[in-house]
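S.K.: with the sequence up front, the predicted model follows.
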Amino acid sequence: MTVTVLTGPSGVGKGTVVSRLLQQHPEIWLSVSVTTRSPRPGERHGVDYWFISDAEFDELVASGDLLEWALVHGIYRYGTPRRPVLAALQEGRACLLELDLAGARSVRSTMPQARSVFLMPPDRAELERRLRRRGTESEAELARRFRTAEEELAAAPEFDEIIVNTDVAKTCEELVEFMGLSPGNAGRENQPD
């Protein structure tokens, strides 16, 4: 098994796709990132992210315990703890990392065997609509995310695969195929042959 990195701009539906994918394929191990930002409504510590202080993040960086880390939107830091990823690989599990562009680029340099997918919106207007529909960011934050999205969209050709997220079910099917998983794997890992 190898690591698959999933990237795309804020609002493209990464979280929705990953949630559906894990429901259908519980054998996939999803890395939980650390972040210095505060939780959004409904987010849970240790499930959606590990929400940590700046000092705790500094310790992880200094000790080399992050596979990658980045400053996102010029404000908050996000990172991928190294040890859980390596443990999941040793167990032979399909590993999925949901990362921003900078994180994906870092993983490419530290784990060249990792495969990468860029999740693309159907168009820019739909991306803006999805971001606004979330209702979690101020106008200033939305403007910052739109600027960042333009840079991210321009980087799509750097990735091994580009999947346009027009339909969550179809997007999951394409991602499963890219990861080399059987469409019928869901729930079979505990069943006899």
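M.R.: Sure, I can see it.
S.K.: against Ile52, how distant is Thr80?
M.R.: Distance from Thr80 to Ile52, counting by C-beta to C-beta, to the nearest Å: 13 Å. Just so you know, the C-beta spots here come from the backbone N, C-alpha and C atoms, and that holds for glycine as well.
S.K.: buried stuff in the worst-scoring helix or strand of the chain on mean pLDDT?
M.R.: Within the chain, confidence by mean pLDDT, DSSP states H and E is lowest for helix 124-134 among all helices and strands, at a mean of 80. If you call a residue buried by 16 or more other C-beta atoms under 10 Å, then helix 124-134 has these buried ones: Leu127, Glu128, Arg130, Leu131.
S.K.: need the nearest residue in space to the third one, chain neighbours excluded.
M.R.: Nearest in space to Arg130, with sequence neighbours left out and distances taken as C-beta to C-beta, 6 or more residues apart in numbering, is Gly11 at 4.2 Å.
S.K.: do the same with Phe178
M.R.: Of all residues not flanking Phe178 in the chain, Glu161 sits nearest, at 5.2 Å (C-beta to C-beta, 6+ apart).
S.K.: the one you found contacts Met120, correct?
M.R.: No. Counting by C-beta atoms under 8 Å, Glu161 does not reach Met120; the two are 10.3 Å apart.
S.K.: who's more crowded, the two?
M.R.: Higher neighbour count among Glu161 and Met120: Met120, with 20 against 17, using other C-beta atoms under 10 Å.
S.K.: that one and Gly42, how far apart?
M.R.: 26 Å.
S.K.: try Val18
M.R.: Separation of Val18 from Gly42 (C-beta to C-beta): 15 Å.
S.K.: between these two, who's got more neighbours?
M.R.: Val18 (18 against 7).
S.K.: just the buried residues of the host helix or strand of the more buried one, please?
M.R.: Here Val18 sits within helix 14-24, counting by DSSP states H and E. For helix 14-24, the neighbour count (16+ other C-beta under 10 Å) marks Lys14, Val17, Val18, Arg20, Leu21, Leu22, Gln24 as buried.
S.K.: those: which two are farthest apart?
M.R.: Longest distance between any two of the buried residues of helix 14-24 is 15.9 Å, between Lys14 and Gln24; criterion C-beta to C-beta.
S.K.: would you mind writing the CA trace of the longest helix seen in the chain as PDB?
M.R.: For the chain, the helix with the greatest residue count under DSSP state H is helix 139-154. C-alpha atoms of helix 139-154 as PDB (Å, rounded to 0.1, in the frame of the first residue of the first chain):
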ATOM      1  CA  GLU A 139     -16.100  38.400   3.900                       C
ATOM      2  CA  ALA A 140     -12.400  39.100   4.500                       C
ATOM      3  CA  GLU A 141     -11.700  35.400   5.100                       C
ATOM      4  CA  LEU A 142     -13.700  34.500   1.900                       C
ATOM      5  CA  ALA A 143     -11.700  37.000  -0.100                       C
ATOM      6  CA  ARG A 144      -8.400  35.400   1.200                       C
ATOM      7  CA  ARG A 145      -9.700  31.900   0.400                       C
ATOM      8  CA  PHE A 146     -10.700  33.000  -3.200                       C
ATOM      9  CA  ARG A 147      -7.200  34.400  -3.800                       C
ATOM     10  CA  THR A 148      -5.600  31.200  -2.400                       C
ATOM     11  CA  ALA A 149      -8.000  29.100  -4.600                       C
ATOM     12  CA  GLU A 150      -6.700  30.800  -7.800                       C
ATOM     13  CA  GLU A 151      -3.100  29.800  -6.900                       C
ATOM     14  CA  GLU A 152      -4.300  26.300  -6.000                       C
ATOM     15  CA  LEU A 153      -6.300  25.800  -9.200                       C
ATOM     16  CA  ALA A 154      -3.200  26.800 -11.300                       C
END
